[in-house]
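A.B. asks: return atomic coordinates for the entry below.
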Amino acid sequence: PQSTTAFTSTFGALNLVNSDATANNFSRLNFTDSSSTAAAATVAAKLLDHTNHYADLSFWTRSATGFTEKMTILSTGAVGIGTSAPETPLHVTSTGSIGLLLEQTANDTINPAIILRKTRSTTKTALDGDLIGTFGAKFWDDTAVTPVETTGGLIYAVVDDASDTTEDASWHFTNIVAGA
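C.D. replies: Below is the predicted model of the structure:
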C-alpha cells in the first residue's frame, strides 16, 4: 500500500527519537523488502552527545558478503567511504581495487579537473615558498613488528615568486630511496 504524509509548515520534519540518553546509541531508518524483516539498507544516526545533540551519520547496505557500513559522515563533517573513522575531510578505503574517476560526458571543451588551492585565511594570497599542492604515495614498510608508514614519492607545487604581477610556481618530483 502507498501512503502520503503532508507537512503544513515550511520545514516539515519526520523525527526518529531514541529516548535512551546513553551516549553512542542509535536512531535509524531501515529499508526492507517484502520477503524479510532484515534490513536491506539503513541510514543511522549515532547519537554521540544527547546534551549538545551531536551525532555521526552512517549508511549501511546488504550484499552477498553481509550487512556492513559503507559510508560515514562524522559530526565534524569528515566523510569516510569504506571506513567509519575518516582521518581527513574525505577518506576512502577499500580492500579491493580503488581509484578516483572524474568523467565529463558533455560535448564541449570543458575538461574534468582536480584543483589544489592554497588560501591563507586572512589575505587569500600565497607567499614565496608556500606549498600549494601535493600528491603523495605512501605505503607501510616491511617491518614485521611495528610497521611504519613511509612516503614513497611526492609531486608538489611551490610558489616561487608571489611578490609582483608575474607570479611564478614550479612543480617538484621526488623519489624516496633507502628511506631518505
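A.B. asks: residues contacting stretch 128-138, please?
C.D. replies: Defining contact as Cβ atoms under 8 Å, 6 or more residues apart in numbering, one finds that stretch 128-138 is touched by 116-118, 126, 149-163, 169. For every residue, glycine as well, the C-beta is placed using N, CA and C.
A.B. asks: one more time with 7 Å
C.D. replies: Taking contacts as Cβ atoms under 7 Å, 6 or more residues apart in numbering, the residues outside stretch 128-138 that touch it are 116, 118, 126, 149-163, 169.
A.B. asks: got it, and stretch 48-64?
C.D. replies: Here stretch 48-64 makes contact (Cβ under 7 Å, 6+ apart) with 21, 23-24, 39-47, 67-75, 84.
A.B. asks: show me which residues of that stretch are buried.
C.D. replies: When neighbours are counted by 16 or more other Cβ atoms under 10 Å, the buried residues of stretch 48-64 are found to be 55-56, 58, 60, 62.
A.B. asks: now a ChimeraX select for only the buried ones of the contacts of stretch 128-138.
C.D. replies: In ChimeraX syntax, the buried subset of those is picked out as below (16+ other Cβ under 10 Å):
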select :118,126,154,156,157,158,159,162
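A.B. asks: among the contacts of stretch 128-138, which are located in strands?
C.D. replies: Residues from the contacts of stretch 128-138 lying in strands, with DSSP state E as the criterion: 149-161, 169.
A.B. asks: for these, give me a markdown table that also has distance to residue 13.
C.D. replies: Rendered in a markdown table, the data for these read as follows (distance: Cβ to Cβ, whole Å):
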| residue | distance to residue 13 |
| --- | --- |
| 149 | 44 |
| 150 | 49 |
| 151 | 47 |
| 152 | 49 |
| 153 | 50 |
| 154 | 47 |
| 155 | 47 |
| 156 | 46 |
| 157 | 46 |
| 158 | 49 |
| 159 | 48 |
| 160 | 53 |
| 161 | 54 |
| 169 | 48 |
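A.B. asks: and these as JSON lines, adding distance to residue 34 and pLDDT?
C.D. replies: Written out in JSON lines, the entries for these read as follows (distance: Cβ to Cβ, whole Å; pLDDT from 0 to 100):
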{"residue": "149", "distance to residue 34": "48", "pLDDT": "77"}
{"residue": "150", "distance to residue 34": "52", "pLDDT": "77"}
{"residue": "151", "distance to residue 34": "52", "pLDDT": "77"}
{"residue": "152", "distance to residue 34": "51", "pLDDT": "78"}
{"residue": "153", "distance to residue 34": "53", "pLDDT": "83"}
{"residue": "154", "distance to residue 34": "53", "pLDDT": "84"}
{"residue": "155", "distance to residue 34": "52", "pLDDT": "89"}
{"residue": "156", "distance to residue 34": "55", "pLDDT": "87"}
{"residue": "157", "distance to residue 34": "55", "pLDDT": "89"}
{"residue": "158", "distance to residue 34": "60", "pLDDT": "88"}
{"residue": "159", "distance to residue 34": "60", "pLDDT": "87"}
{"residue": "160", "distance to residue 34": "65", "pLDDT": "87"}
{"residue": "161", "distance to residue 34": "67", "pLDDT": "85"}
{"residue": "169", "distance to residue 34": "59", "pLDDT": "88"}
